[in-house]
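# Model the structure of this input:
(one chain, ligands or ions: 1)
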Amino acid sequence: MTPILELDGVQKAYGAITVADRQSWSLADGEALGVLGPNGAGKTSMFNLVTGTIKVDGGTIRFDGQTITDWPAARRCRAGIARSFQVPQPFSGMTLFENAYVAATQGAGLSGQEANSVCLDVLTRTGLIRKANHLAGSLTLLERKRLELARALCAKPKVLLLDEIAGGLTEKECHALIDTIREVRATGVSIVWIEHVVHALLAVIDRLIVIDFGRKIAEGDPRTVMESREVREIYLGIAAHG
Ligand SMILES: Nc1ncnc2c1ncn2[C@@H]1O[C@H](COP(=O)(O)OP(=O)(O)OP(=O)(O)O)[C@@H](O)[C@H]1O
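You can find the predicted model right below:
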């Protein structure tokens, strides 16, 4: 089956710091892929390369049957790639509905009643509808994370990129968010999820890749990858012998 998203030999460096080192991986349509790696490994940079906010030095990115390597960020978003940010970035002086509306109109290119319906549906699905008319600046951390997810969903993505959306939440909040992400996934949206909260990741993903120094060092079944020597040595910092 043709992947919905594919990176082929993607290269990016900032001076001496390589954030993507001939990175190649793909995401099948409907799949949920997890991404692990130590701080500074290049995970967020990889999302920036996929969404087009930074340009590759080399390699190719394909999405939904087209080569998008040179496409500007707005075109990629309109085509169906949306992301959440590690640090939530809502328009704090606007209501939740207005935040969602900006995403639906600017991200997905919707207007009028269609944009309204998408916003109401997404705010309901993400558990935010009761606060639709509250200012985004008044939200708790969990609600801000939910709004990040809602804004990405209002762009009607085929591929949803989640950047550490579970970080900083209590166990109970984390479980509630996992349920929401599972529901999103069940609607057919393909997901790439960068996360340090491993149990949250393992509750959702089909496959796991591990990145270190911009290089993919492991890939496969999540539990097998977690137990692999490379991951124990490089990600968890546990020396492997023999
Ligand atoms: N615009 C930039 N200019 C120079 N260096 C950068 C730039 N963006 C990122 N870096 C560096 O690239 C490396 C990878 O950063 P990146 O944010 O992609 O890592 P990460 O794996 O997402 O880390 P974390 O888990 O801490 O979020 C870091 O050393 C970072 O300081």
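# Show the contacting residues for Asp163.
Asp163 makes contact with 43-44, 47, 83-86, 194, according to Cβ atoms under 8 Å, 6 or more residues apart in numbering. Backbone N, C-alpha and C define where each C-beta goes, glycine included.
# The ligand contacts on the protein?
Residues of the chain lying near the ligand by Cβ under 6 Å from any ligand atom: 14, 17, 19, 37, 39-45, 86.
# Buried residues in stretch 45-65, which are they?
Within stretch 45-65, the residues scored as buried using 16 or more other Cβ atoms under 10 Å are 45-52, 54, 56, 59, 61-64.
# Quick one: low-confidence residue ranges for this structure.
1, 235-242 (pLDDT under 70).
# any idea where the strands of it begin and end?
For the chain, the strands defined by DSSP state E occupy 5-14, 17-27, 32-36, 58-63, 66-67, 81-83, 159-163, 190-194, 207-212, 215-220.
# Same list (those strands) but as JSON lines, adding distance to Ala176.
Below are the strands of the chain laid out as JSON lines (distance: least, Cβ to Cβ, whole Å):
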{"stretch": "strand 5-14", "distance to Ala176": "27"}
{"stretch": "strand 17-27", "distance to Ala176": "25"}
{"stretch": "strand 32-36", "distance to Ala176": "18"}
{"stretch": "strand 58-63", "distance to Ala176": "31"}
{"stretch": "strand 66-67", "distance to Ala176": "36"}
{"stretch": "strand 81-83", "distance to Ala176": "21"}
{"stretch": "strand 159-163", "distance to Ala176": "15"}
{"stretch": "strand 190-194", "distance to Ala176": "16"}
{"stretch": "strand 207-212", "distance to Ala176": "23"}
{"stretch": "strand 215-220", "distance to Ala176": "29"}
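# and among the ones you listed, the most buried is which?
Ranked by mean neighbour count under mean count of other Cβ atoms under 10 Å, the strands of the chain are led by strand 81-83, which reaches a mean of 27.
# Which strands or helices does that strand pack on?
Using 3 or more Cβ pairs under 8 Å, 6 or more residues apart in numbering; DSSP states H and E, the elements in contact with strand 81-83 are helix 43-51, helix 141-154, strand 159-163.
# Tell me what angle the second one forms with strand 159-163.
What separates the directions of helix 141-154 and strand 159-163 is an angle of 160 degrees, with axes from the mean of the first three to the mean of the last three Cα atoms, to 10 degrees.
# Now helix 141-154 - C-alpha only, CSV.
Backbone C-alpha positions of helix 141-154 (Å, rounded to 0.1, in the frame of the first residue of the first chain) are rendered in CSV as follows:
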residue,chain,number,x,y,z
LEU,A,141,-2.9,22.9,30.9
LEU,A,142,-5.1,19.9,29.9
GLU,A,143,-7.6,22.3,28.2
ARG,A,144,-4.8,24.0,26.4
LYS,A,145,-3.5,20.7,25.2
ARG,A,146,-7.0,19.8,24.1
LEU,A,147,-7.2,23.1,22.3
GLU,A,148,-4.0,22.3,20.5
LEU,A,149,-5.5,19.1,19.3
ALA,A,150,-8.8,20.8,18.4
ARG,A,151,-7.0,23.4,16.3
ALA,A,152,-5.1,20.7,14.4
LEU,A,153,-8.3,18.7,13.9
CYS,A,154,-10.2,21.8,12.6
